[in-house]
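# no sequence for this one, just the structure:
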């Protein structure tokens, strides 16, 4: 085989390997390649609530919630879990250099509500989360502190 043919094959193989590598990175970690950047407090609120909803779904599916012996213990478990989940959701917000977000992690409070008084009768779970933030964009500041999520069982 000529050197020219070997070079062509090498280039084609290199392009295939690079393309597969890039596609696998995007498919395995889509958030890091997200084109979305929050541009307002509303965007941040929507992102936080979407993440909180996912975390609440995960907490409910997990055995810890279902294995609680009493509804009040289930409520306490979910409230603690969701307060920690809020920190994770905040950390995973897409970054935008034009926006600065400051938060008060010590003031996080979550309130869980059930639509029934017996654990096996619950059909929906609601979350109200208090997590004070201040969103700064240029000279403009906007406070944000109330988030909500909910799931139907």
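Noted; the coordinates are in hand. Keep in mind the model is a prediction, meaning the values are calculated, not measured.
# Leaving out the residues flanking it, which one is nearest to the residue nearest the centre of the chain?
Centroid-nearest residue in the chain, with Cα atoms, centre = their mean: residue 51, separated by 3.0 Å. Of all residues beyond its chain neighbours, the one nearest residue 51 is residue 89 (3.6 Å), with distances taken as Cβ to Cβ, 6 or more residues apart in numbering. To be clear about C-beta, it is placed using only N, CA and C from the backbone, and glycine gets the same treatment.
# how about that neighbour, what does it touch?
47, 48, 51, 52, 55 (Cβ atoms under 8 Å, 6 or more residues apart in numbering).
# if you set the cut-off to 10 Å instead, what comes out?
47-55, 82, 129, 131, 147, 149 (Cβ atoms under 10 Å, 6 or more residues apart in numbering).
# and those residues, which of them are in helices?
47, 48, 49, 50, 51, 52, 53, 54, 55, 82 (DSSP state H).
# coming back round to it: please check the contacts of residue 89 and keep the buried ones.
47, 48, 49, 51, 52, 53, 55, 82, 129, 131, 147, 149 (16 or more other Cβ atoms under 10 Å).
# Same list, those residues, but as CSV with distance to residue 122 and pLDDT please.
Formatted as CSV, these follow (distance: Cβ to Cβ, whole Å; pLDDT from 0 to 100):
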residue, distance to residue 122, pLDDT
47, 27, 90
48, 24, 92
49, 21, 94
51, 23, 93
52, 18, 95
53, 17, 94
55, 18, 92
82, 16, 94
129, 19, 95
131, 25, 94
147, 21, 95
149, 15, 94
